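Q: give the three-dimensional model of this entry:
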Amino acid sequence: MASAHIPRPRRSETAPALPADRSHLKVVRPGGRRRPIRLTPRAGVTMVVLLFVALFLVAVSHAVLIEGQVRLDEIDKDVAAEQAEFEDLRLELADLESPARIQAAAADMGMVPPAETTWLTPEDAVAPAGDDAAEDGQDAERDEDSPDTSYSDVKPYLGSSAP
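A: Below is the predicted model:
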């Protein structure tokens, strides 16, 4: 393999002057041993106790998370069961509301379809309740023409049902 020779840059003749007192500097040799950190017995015991407390707190937090997850799983199971029941009830309701089932139930009760359908339409348009025209005094006219239909008068005809 060929190597290229790269020339070193030349030092300038006017290098900056270094400070004369360099007693605060120390030479560091590569691979030198560092002084080990020494702990007092009290500091060592304190660190071990703190380590065990930290591990205990981690275990407690995991237990709380697991309990919460179990509760969420139970809730999810309950929701799935309720949704399945809801879908079953919707299907049952659709079956009960089907026109074919209603016709069959009516036939079982002795009802027969009419030979001819007659549609009824009112001759005079009646103002809906709460309309401005009804508030202008037309209520008084209707009250005079309508029979007395208070609950006390109608109650004997209704049977034992209450309002």
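
Q: next one: the helix of greatest length in the chain to chain centre, how far?
A: Across the chain, the longest stretch assigned as helix under DSSP state H is helix 41-97. On the basis of C-alpha atoms, centre = their mean, to the nearest Å, helix 41-97 sits 16 Å off its chain's mean C-alpha point.

Q: which element follows that helix toward the C-terminus?
A: The helix or strand immediately downstream of helix 41-97 is helix 99-108, counting by DSSP states H and E.

Q: the longest helix of the chain to helix 99-108, inter-axis angle?
A: Here helix 41-97 runs at an angle of 50 degrees relative to helix 99-108 (axes from the mean of the first three to the mean of the last three C-alpha atoms, to 10 degrees).

Q: give me the mean pLDDT for helix 41-97.
A: Throughout helix 41-97, pLDDT has a mean value of 96.

Q: now for that helix, which elements pack on it?
A: Of the remaining helices and strands, none touches helix 41-97 by 3 or more C-beta pairs under 8 Å, 6 or more residues apart in numbering; DSSP states H and E. Placement of C-beta: from N, CA and C, glycine included.

Q: how about a cut-off of 10 Å?
A: In this structure, helix 41-97 makes packing contacts with helix 99-108, judged by 3 or more C-beta pairs under 10 Å, 6 or more residues apart in numbering; DSSP states H and E.

Q: can I get the helix it packs on in PDB? Just the C-alpha atoms.
A: Taking C-alpha atoms only, helix 99-108 is exported to PDB below (Å, rounded to 0.1, in the frame of the first residue of the first chain):
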ATOM      1  CA  PRO A  99     -93.900  -6.400   9.200                       C
ATOM      2  CA  ALA A 100     -94.100 -10.100   8.500                       C
ATOM      3  CA  ARG A 101     -94.100 -11.000  12.200                       C
ATOM      4  CA  ILE A 102     -96.700  -8.300  12.900                       C
ATOM      5  CA  GLN A 103     -99.000  -9.700  10.200                       C
ATOM      6  CA  ALA A 104     -98.500 -13.200  11.500                       C
ATOM      7  CA  ALA A 105     -99.300 -12.100  15.100                       C
ATOM      8  CA  ALA A 106    -102.400 -10.200  13.900                       C
ATOM      9  CA  ALA A 107    -103.600 -13.300  11.900                       C
ATOM     10  CA  ASP A 108    -103.100 -15.400  15.100                       C
END
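
Q: now what about it, what contacts it?
A: Residues from elsewhere that reach helix 99-108, judged by C-beta atoms under 10 Å, 6 or more residues apart in numbering: 94, 95, 96, 98, 111, 112, 113.

Q: cool, thanks, signing off.
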